[in-house]
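build me a model:
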Amino acid sequence: MNFPLYSKATDEADLPSRFLHTRKRSVSLISNLNAEDVVVQSMPDASPAKWHLAHTTWFFETFLLAPHLPGYQVYDEHYAYLFNSYYESLGPRQPRPQRGLLTRPTLDEVRAYRQHVDLAMQELLQQNDVTQFEALIQLGMAHEEQHQELLLMDILHLFNQSPLKPVYDRQWPLMPSGRRGQYHTISAGLVNTGNGNSDFCFDNESPRHAVWLMPFDIADRLVTNGEWLAFMDDGGYRRPELWLADGWTSLQEHGWNSPGYWQEGPHGWSQMTLSGMHPVDHGAPVTHISYYEASAYAGWALARLPSESEWELAAESGLMDQLYDTVWQWTMSPYGPYPGFRAQAGAIGEYNGKFMANQMVLRGGASVTPIGHSRSTYRNFYRLDQRWMFSGLRLARDKVVKAVDAAHEEFSADVVAGLSLNQKSLSPKYFYDGAGSALFEEICLLPEYYLTRTESALLKKIAPMLAGLIPENAALVEFGSGASDKTRLVLNAVPQITTYVPIDISVEALHGASERLAADYLSLRILPLVGDFTTQLTLPPEVESLPKAGFFPGSTIGNFSPQQCKEFLTYTRTMLGENSMLIVGADVVKDEATLLAAYDDEAGVTARFNKNLLVRINRELGGNFDPELFRHEARWNTECNRMEMHLVSVANQIVHAAGRAFAFKAGESLHTENSYKFTSASIAAVALQGGWMLAHQWISNDPEFALFLLKAVPLAT
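The predicted structure is shown next:
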């Protein structure tokens, strides 16, 4: 709890209604409690609900009514001792650990006290010169809002002590479940932090000052219960190397093995909430954790906590979720004064300055924080071992300042996003690094893998027909060219192709194929283009005026979902332009046994190709996957007409990649590829959606494979 330096200009006529609203909300928060509930103190850090109601009333009486309302009579002179909190200059007070001994005054007497003060405050608020202490009135309301949050925290702690696990409010909403967080890079430098305008804020939020920040990554959402369970399953509460020395001591003293209010039962973990006991929701943010726990988790996740200045800058970027209405978020910043901070004169000045030691800053707000109470500059603070408050964490990490190509950044982002899904999945485009491309060429020679040899035979057969369809001085644009082996069949049969543009994500494969083709086709102009052919690439300017034929063999189109297929065809139609054509190789729906054999060969080459994705993640993203703890599995999905490849975890395990930790249960799979199978009708339908029409088709004998020639549909004029 803090006190303000600035005050917000407020319409005087609105101040009385805001005051009454704040006061009534405090009383409403105890409407579900009985007389016994409001007097008990569950620990020295907590206070009875009745004390909160009286203390916030004492604040208005002491700092506003007694000095500013002429003729005001103090309600009961004993209350200055009973309900003073920390103000040494205002005299002695009831020791904090003994607030639960105050059976008198009764709750009814405290209600009468509140009514007495509220009536007097209404009289004060009607004075013409109220503006002179308007800031103090706003302070009193903000102070009461803080105690409303504390009251709910203390009730939850009290009810959790009971073996009956009483319910405070069955309608109290649970923490919302959602996706896991993703990192965003914040470009920093010299930034201003702290509150420097005329709006209401507490004095510890000021003065505004400059801070130098290095670039950093910060998660857009909070750490979830599911992620925390992975930390626990990996021995997070049993591994001293993850903990600060004082944190490990606190863990042992308190016997921590889970977040606060968690309870393990025969059906797993449950959590005590204001609406009672509930199973732990894996997608909801973890809460009721100490700074020590947050720090240990961050280290385990190969990350760190953000500084409070980083948090504030990120909060104002518009990229963050779950800022003010979920849980308070620990930062790595000790609670201390900003440069130039000065405590205010008088008793109010006691409240902040003397607490600026041995505590850490939390930022944001919680589900129990009154709406509108918090802001980006708000500085909450607690001791490092406390966790009865609604506290969680948001991860950050240092941004290594070096040139990183866009493809690497995309790979990292896609791995984090894909491994964060309920059904973990990655795009098959990441198969094709140098080793993956070589393994795929080996797959193409396997006896079970009919696709390559069948397509090559069919392509060789129809090549003379293609020669009659492709115009003179044409450019052949191949999407995902790989080793460009099938390209030779087209080049040999269609001499009017003068320019070849191979597009591939693998630099090694692309350069190797281009060098080999240049040696064999001396008059062919080769313009290799490195990149992901599913993104918005620009063709070399040399081919802009040439007629263009796209080439997309290998049934790679089957790797796309129907929506992705439509998007790819629309993209290629735009890239290749008017009067262009597109040659597409696509596998045909057939018997399941043939399909399963093609994607799970006896020699295990496809399995090595699939597992090479894990090897690539280890190499490029700092992963620690053990490929031996995953088995390759091929599945035929009848409903979707597609083959699927999966990597199935053979054990419960925690893996790291791209600076994040991911949990795999035994039997859980990483879905690495879909290979849709087509009919003439299905390819014609999706082609038309993408701006193409089916002009020719050629289908091989069993096992059937098809080549389709699509022509660009003229754009409407």
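
distance check, residue 338 against residue 460.
Distance of residue 338 to residue 460, given as Cβ to Cβ, to the nearest Å: 76 Å. C-beta: built from backbone N, CA, C; applies to glycine.

what residue ranges in the protein are flagged as low confidence?
Regions of the chain meeting the criterion pLDDT under 70 cover residues 1-13, 198, 350-353, 400-406, 716-717.

any idea which residue is closest to the centre of it?
What sits nearest the mean C-alpha location of the chain, by Cα atoms, centre = their mean, is residue 181, with 1.2 Å.

that one should be in a helix, yeah?
No: applying DSSP: H, G, I helix; E, B strand; the rest coil, one finds residue 181 to be coil, outside a helix.

can you map out the strands along the stretch 301-450 of the chain?
328-334, 360-363, 380-382, 391-392, 396-398 (DSSP state E, counting those that start in this stretch).

tabulate those (JSON lines), appending mean neighbour count and distance to residue 453.
Shown next, in JSON lines, are the strands of the stretch 301-450 of the chain (neighbours: other Cβ atoms under 10 Å; distance: least, Cβ to Cβ, whole Å):
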{"stretch": "strand 328-334", "mean neighbour count": "24", "distance to residue 453": "58"}
{"stretch": "strand 360-363", "mean neighbour count": "26", "distance to residue 453": "61"}
{"stretch": "strand 380-382", "mean neighbour count": "24", "distance to residue 453": "67"}
{"stretch": "strand 391-392", "mean neighbour count": "27", "distance to residue 453": "56"}
{"stretch": "strand 396-398", "mean neighbour count": "18", "distance to residue 453": "48"}
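
is it possible to export these to TSV including distance to residue 291?
Formatted as TSV, the strands of the stretch 301-450 of the chain follow (distance: least, Cβ to Cβ, whole Å):
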stretch	distance to residue 291
strand 328-334	5
strand 360-363	5
strand 380-382	8
strand 391-392	8
strand 396-398	15
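
give me the distance between the two termini of stretch 550-558.
End-to-end span of stretch 550-558 (Cα to Cα, to the nearest Å): 17 Å.

I figured residue 210 was touching residue 192, is that so?
Yes: using Cβ atoms under 8 Å, residue 210 is in contact with residue 192, at 5.7 Å.

for my notes, confirm residue 218 occurs in a strand.
Yes: using three-state DSSP, the secondary structure at residue 218 is a strand.

ok, and for stretch 81-96, which residues are buried?
Residues of stretch 81-96 classed as buried: 82-85, 87, 90, 93 (neighbour count, 16 or more other Cβ atoms under 10 Å).

got it, and stretch 531-547?
For stretch 531-547, burial by neighbour count (16+ other Cβ under 10 Å) applies to 531-534, 539, 543, 546-547.

farthest-separated two in those?
532 and 547 (25.1 Å; Cβ to Cβ).

could you list the domains of the protein?
Per the record, the chain has its domains at 4-161, 183-398, 406-432+593-676, 434-590+678-712, by automatic domain parsing.

which one of the ones you listed lies nearest to residue 170?
That would be domain 183-398 among those, by Cβ to Cβ, at 5.5 Å.

is it true that residue 211 lies in a strand?
Yes: assignment of residue 211 by three-state DSSP places it within a strand.

that one: what's it in contact with?
190-193, 309 (Cβ atoms under 8 Å, 6 or more residues apart in numbering).

now with 6 Å?
Shown in contact with residue 211 (Cβ atoms under 6 Å, 6 or more residues apart in numbering): 191, 193, 309.

which one of the buried residues of stretch 531-547 is nearest residue 470?
For those, the nearest to residue 470 is residue 547 (7.9 Å; Cβ to Cβ).

now do the contacts for that closest one.
Here residue 547 is in contact with 471, 474 (Cβ under 6 Å, 6+ apart).

against residue 499, how distant is it?
Distance check for residue 547 against residue 499: by Cβ to Cβ, it reads 10 Å.

tell me where the stretch 451-600 of the chain has helices.
Using DSSP state H, counting those that start in this stretch, the helices of the stretch 451-600 of the chain run over 485-493, 507-520, 562-576, 592-599.

I'd like the ones you listed as TSV, with distance to residue 263 appended.
Shown next, in TSV, are the helices of the stretch 451-600 of the chain (distance: least, Cβ to Cβ, whole Å):
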stretch	distance to residue 263
helix 485-493	62
helix 507-520	54
helix 562-576	44
helix 592-599	46
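
could you export these as JSON lines, including mean neighbour count and distance to residue 142?
Conversion of those to JSON lines gives the following (neighbours: other Cβ under 10 Å; distance: least, Cβ to Cβ, whole Å):
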{"stretch": "helix 485-493", "mean neighbour count": "18", "distance to residue 142": "71"}
{"stretch": "helix 507-520", "mean neighbour count": "16", "distance to residue 142": "58"}
{"stretch": "helix 562-576", "mean neighbour count": "18", "distance to residue 142": "50"}
{"stretch": "helix 592-599", "mean neighbour count": "16", "distance to residue 142": "64"}
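
quick one: closest of these to residue 417.
Across the helices of the stretch 451-600 of the chain, closest to residue 417 is helix 562-576 (Cβ to Cβ), at 15.4 Å.

related to what we said a few turns ago, who wins for proximity to residue 365 among the helices of the stretch 451-600 of the chain?
Closest approach to residue 365 among those is made by helix 562-576 (38.0 Å; Cβ to Cβ).

same for the closest one, what does it pack against?
Counting contacts by 3 or more Cβ pairs under 6 Å, 6 or more residues apart in numbering; DSSP states H and E, helix 562-576 is packed against strand 548-552, helix 680-689.

which helices and strands does the helix or strand containing residue 109 pack with?
According to DSSP states H and E, residue 109 maps onto helix 107-125. If you count contacts as 3+ Cβ pairs under 6 Å, 6+ apart, helix 107-125 packs onto helix 15-28, helix 49-60.

give me the buried positions along that helix.
For helix 107-125, a neighbour-count test (16+ other Cβ under 10 Å) marks 107, 110-111, 113-114, 116-118, 120-121, 124-125 as buried.

need the longest helix for this structure.
The helix that spans the most residues within the chain, counting by DSSP state H, is helix 134-161.

ok, back up a step: higher neighbour count, residue 338 and residue 460?
Taking neighbours as other Cβ atoms under 10 Å, residue 338 and residue 460 compare with residue 338 leading, 18 against 14.

mind listing what that one touches?
Shown in contact with residue 338 (Cβ under 6 Å, 6+ apart): 194, 209.

mind checking how far it is from residue 317?
As for residue 338, its distance to residue 317 is 21 Å (criterion: Cβ to Cβ).

now do residue 620
Distance check for residue 620 against residue 317: by Cβ to Cβ, it reads 28 Å.

look at the two and report which has more neighbours.
Using other Cβ under 10 Å as the criterion, residue 620 and residue 317 rank with residue 620 on top: 17 against 13.

and the more buried one, what element?
Applying DSSP H and E, one finds residue 620 within helix 605-621.

if you count contacts, what does that helix end up packed against?
helix 434-443.

report the angle between the longest helix of the chain and helix 15-28.
Following axes from the mean of the first three to the mean of the last three Cα atoms, to 10 degrees, one obtains 10 degrees for the angle between helix 134-161 and helix 15-28.

of all the helices and strands packed on helix 562-576, which one comes closest to residue 278?
Ranking the helices and strands packed on helix 562-576 by proximity to residue 278 (Cβ to Cβ) places helix 680-689 first, at 45.1 Å.

CA-only coordinates of the closest one in PDB, if you can.
Output in PDB follows, covering the C-alpha atoms of helix 680-689 (Å, rounded to 0.1, in the frame of the first residue of the first chain):
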ATOM      1  CA  SER A 680      -9.500 -34.800 -59.900                       C
ATOM      2  CA  ALA A 681     -12.600 -33.200 -58.500                       C
ATOM      3  CA  SER A 682     -10.900 -32.000 -55.300                       C
ATOM      4  CA  ILE A 683      -7.900 -30.500 -57.100                       C
ATOM      5  CA  ALA A 684     -10.100 -28.700 -59.600                       C
ATOM      6  CA  ALA A 685     -12.200 -27.200 -56.800                       C
ATOM      7  CA  VAL A 686      -9.300 -25.900 -54.800                       C
ATOM      8  CA  ALA A 687      -7.500 -24.700 -57.900                       C
ATOM      9  CA  LEU A 688     -10.500 -22.600 -58.900                       C
ATOM     10  CA  GLN A 689     -10.600 -21.000 -55.400                       C
END
